[in-house]
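Student: Starting from these lines, generate the structure:
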Amino acid sequence: MIKSSLPKILSTQVEDETVEWRIFIDADLPFFDGHFPEQAVLPGVTQLDWAIRMGCEHFNYPAHVATLEVLKFQQIMLPNSEVSLKISQNSSKTKLLFSYFDDEKRFASGRILLSSPAVAATEASQCN
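Tutor: So this is what the prediction gives:
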């Protein structure tokens, strides 16, 4: 993970296995620098990092990503904007489903398949 600064959370709604945050994307966050000079855009890797970190923290999973599925970036997210981040868990498959949106406008979505800490440790030792 890239360990980016998390966005300001304006509100939180929790229902069963779903959490939805309303977040503010502050123009002063450092990852806007140079991305891009003519129009600042929230990088997709930052959006993914937020979904992983916030989802894993909320649902008490270690942030060990096995794979990403159907990852889509549909619209750009601009500085000083508010969007919603909705994350649902599929606990039987250790999977988080996320989407960024504002009313009917869709920004990004995907599925994050998490691996167990034991699998992540085994994979890390094989890379050394």
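
Student: What residues of stretch 78-87 count as buried?
Tutor: 83-87 (16 or more other C-beta atoms under 10 Å). (Each C-beta comes from the backbone N, C-alpha and C, glycine too.)

Student: And the contacts of the helix or strand hosting T46?
Tutor: Assigned by DSSP states H and E, T46 belongs to helix 44-59. Under the contact criterion C-beta atoms under 8 Å, 6 or more residues apart in numbering, helix 44-59 has outside partners 1-4, 6-7, 17, 19, 21, 23, 31, 61-63, 65, 68, 71, 73, 77, 85, 87, 89, 91, 96, 98, 100, 107-108, 110, 112, 114.

Student: What helices and strands are in contact with the host helix or strand of E20?
Tutor: Using DSSP H and E, E20 maps to strand 18-25. Other helices and strands packing on strand 18-25, by 3 or more C-beta pairs under 8 Å, 6 or more residues apart in numbering; DSSP states H and E, are strand 8-15, helix 44-59, strand 81-90.

Student: So what are the sheet partners of the shortest one and their directions?
Tutor: Using DSSP bridges, the strands paired with strand 8-15 in its sheet are strand 18-25 (antiparallel).
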